[in-house]
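Have a look; sequence and predicted model below, questions after that.
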Amino acid sequence: MSNDRKEKEKAFFENGSMLLEKLIAFCYGKSIPIRSFSDEELKQATNNYDARLAIVQDELYWKWNKGSLNGLLVSIRKFEGSVHIIEGRGLSNYIINDLVISAKISAHNNVLKLIGCCLETRPPILVHEFAANGSLANRIQGTRGSQQHQSLTWISRLKIAREIAHAISYLHTAFSTPIIHRDIDMWNIFLDQHDVAKLSNFELSISVPKGETHVQVDILSWCVGFMSPEYFATGKVTEKVDVYSFGALLLELVTGQNLNDFTQLNNGERVDFSKPKKECVGLVVCMQNGAQGRCIVDPIILAGEGRASTIEQQLQAVVDLAFTCRKRESEIRPTMVDVTKELMRIERLVL
């Protein structure tokens, strides 16, 4: 037997053992319909991971590729980093966690549906439904990734915000114990051919144990700007951690910029939509406060169709909601169910 074959069998055994353990613990023995693919099948599906078929590559060495399996277009997520990163962070364990939670919640229309996986590699490769229009980050910020798409209008951004809020509400309320995503940002949101938003990447997701109000963790999510103060300081995780991160997502949808591009501003100022982008100061994003500030609105929004007064009203309402989500005191933040309802109300402010 070749060394390559031995390595694949070893990886399959180790990954399969972890998967079975997680499935038993997390899904209470319920059957989850996912397919198992071989490494060779996925190589053929992607023309050996042809760079021309790349959908997007994220910040942590994951590459999403377009593939075709028996005529079905799929998104294939494969690790492209070095071995020491895998060993140092236990990525196989994270991916198994992603796999199990994705399988459990894939029925939701705003979750990127899991089709199957390959357990012959370290870490496993995941196969999802095809995300024809790539990641939300590429559509809004246009930074990394190989695909170019038409920019998103304000109406589309507002719809996407509501759809993702609904998906997070589902995580928090649809099961016997809440599931906390812990890594909500634009890179973990994909869009199908109709620009329907799909939440993905559940590597860091965790359930609050029965009878408990929170869970304590040692490993934090990757982006400091999206982490709530109590999570960053103590590792305490509740549903309000996701609410805080969602507030950051709303600010990025309004400005079209990465959270880390914002500059600090004195407290107490209102949002100003009238000034050109070059004259606006940055948006307040400090974890220490939830004050409102002047906002650099994405010029694409301002150039869009519709009555300016109504767009301004919606923008102001969304920014107000974002800062409410980013309150320092977690108990003051709304639930994601309430956030979803508020976004629906804002959408009804018809143009």
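On my side now, so go ahead. Bear in mind the structure is a predicted one, so any value in this text is a computation, not a measurement.

Which element, helix or strand, includes I96?
Following DSSP states H and E, one finds I96 within helix 91-105.

helix or strand right after that helix?
Downstream of helix 91-105, the first helix or strand assigned by DSSP H and E is strand 114-118.

name the helices or strands packed onto that next one?
The contact analysis (3 or more Cβ pairs under 8 Å, 6 or more residues apart in numbering; DSSP states H and E) places strand 114-118 against strand 35-36, helix 39-45, helix 91-105, strand 125-129. In short, each C-beta sits where N, CA and C put it, glycine included.

Those: which one's closest to E230?
helix 91-105 (22.6 Å; Cβ to Cβ).

quick one: the closest one to strand 114-118, angle?
Here the directions of helix 91-105 and strand 114-118 differ by 150 degrees (axes from the mean of the first three to the mean of the last three Cα atoms, to 10 degrees).

Provide the angle between the direction of helix 91-105 and the direction of strand 125-129.
Following the same axes, to 10 degrees, one obtains 30 degrees for the angle between helix 91-105 and strand 125-129.

ok so, going back, and the helix holding I96, what's buried?
Buried residues in helix 91-105, counting neighbours by 16 or more other Cβ atoms under 10 Å, are found at 91-92, 94-105.

so what does it touch, helix or strand wise?
helix 3-27, strand 114-118, strand 125-129.

hey, C-alpha coordinates of it in PDB?
Taking C-alpha atoms only, helix 91-105 is exported to PDB below (Å, rounded to 0.1, in the frame of the first residue of the first chain):
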ATOM      1  CA  LEU A  91      -8.400  22.700  12.400                       C
ATOM      2  CA  SER A  92      -9.800  19.200  11.800                       C
ATOM      3  CA  ASN A  93     -11.700  19.400  15.100                       C
ATOM      4  CA  TYR A  94     -13.100  22.900  14.100                       C
ATOM      5  CA  ILE A  95     -14.200  21.600  10.700                       C
ATOM      6  CA  ILE A  96     -15.900  18.600  12.300                       C
ATOM      7  CA  ASN A  97     -17.800  21.100  14.500                       C
ATOM      8  CA  ASP A  98     -18.700  23.100  11.400                       C
ATOM      9  CA  LEU A  99     -19.800  19.900   9.600                       C
ATOM     10  CA  VAL A 100     -22.100  18.700  12.500                       C
ATOM     11  CA  ILE A 101     -23.800  22.100  13.100                       C
ATOM     12  CA  SER A 102     -24.100  22.800   9.400                       C
ATOM     13  CA  ALA A 103     -25.800  19.400   8.900                       C
ATOM     14  CA  LYS A 104     -28.200  20.100  11.700                       C
ATOM     15  CA  ILE A 105     -29.300  23.500  10.500                       C
END
